[in-house]
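1. Here is my input; please provide its structure:
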Amino acid sequence: MAYMSIIKAMTGIPARRQRGNARGWLIALVVVAIVVIALVGTYTSTYNRMVAMRERVKQQWAQVDVVIQRRADLIPNLVATVKGFAAHETKVIGEITAARAALGGASNRAQTIAANNQLDGALSHLLMVVENYPDLKSNRNFLALQDELTGTENRIAVERRRYNRDIQEYNTYIIQFPDNIIASLSGFRYDPNYFHTSPAARAAPPKVNFGNP
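-> The predicted structure is shown next:
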């Protein structure tokens, strides 16, 4: 009793009330700590997932780039063969050469996609021209290129589809609430570089069939 009286005299607050206030503050601190830990955990988990999805887009784009460059490597032989049978077809030869040069000079995904679409159109035009040269269609070099280019075209289509899938998943994730808040704070931005085919390719897909009809 003497102890309680002394505390009450010194502070003017009953010891029981002091203990209650201390317990209340402790509970509040624990709640705040739990909330902070939960927020940090959510932020870290979401951030890491965004990083993983962005890296998957980059990795898949690398696969797309490999097959695009593979097709570009076949172009010089294609041009040389065309010149051997139709040297006067300067327009289509020029289109293919220019498209390949644009592809080689591309410095980002948007430019690479545009150059690839340009090459699609040039190859489609070539198919129409080749129909006028039966000897060219049956040439051994053309038959060899048929197999290589057809396989490359199919691979481009597969890798392009996978790339578009990954970029769509990434974009969808970072624009959804509340992930968009973390994305904005962390510097993640919407990626517009979908791989769309060119109008020319949609109208006449470059199947690269140089054999006889």
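
2. ok, now how distant is the residue nearest the centre of the chain from residue 197?
-> Central residue of the chain (CA atoms, centre = their mean): residue 57, 3.8 Å from the mean position. Applying CB to CB, to the nearest Å, the value for residue 57 to residue 197 is 19 Å. In short, each C-beta sits where N, CA and C put it, glycine included.

3. Tell me which stretches of the chain form helices.
-> 2-11, 15-86, 90-105, 109-130, 134-137, 140-175, 179-186, 199-203 (DSSP state H).

4. got a list of contacts for the third one?
-> With contact meaning CB atoms under 8 Å, 6 or more residues apart in numbering, helix 90-105 is reached by 68-69, 72, 75, 78-79, 82-83, 111-112, 114-116, 118-119, 121-123, 125-126, 129.

5. Pull out the CA atoms of it and give them to me as CSV.
-> Output of helix 90-105 as CSV, limited to C-alpha atoms (Å, rounded to 0.1, in the frame of the first residue of the first chain):
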residue,chain,number,x,y,z
THR,A,90,15.7,-5.2,-109.4
LYS,A,91,12.7,-4.1,-107.5
VAL,A,92,12.1,-7.3,-105.5
ILE,A,93,15.9,-7.8,-105.0
GLY,A,94,16.2,-4.2,-103.7
GLU,A,95,13.2,-4.7,-101.3
ILE,A,96,14.8,-7.8,-99.8
THR,A,97,18.2,-6.3,-99.6
ALA,A,98,16.9,-3.1,-97.9
ALA,A,99,14.8,-5.1,-95.5
ARG,A,100,17.8,-7.1,-94.4
ALA,A,101,19.9,-4.0,-94.0
ALA,A,102,17.2,-2.5,-91.8
LEU,A,103,17.1,-5.6,-89.7
GLY,A,104,20.9,-5.5,-89.3
GLY,A,105,20.7,-1.8,-88.3
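
6. so where's the protein uncertain?
-> For the chain, the stretches with pLDDT under 70 are 1-20, 198-213.

7. residues contacting the nearest residue to residue 139 once chain neighbours are set aside?
-> In space, and not counting its chain neighbours, residue 139 is closest to residue 81: 6.4 Å by CB to CB, 6 or more residues apart in numbering. Neighbouring residues of residue 81 by CB under 8 Å, 6+ apart: 136, 139, 141-142, 145.
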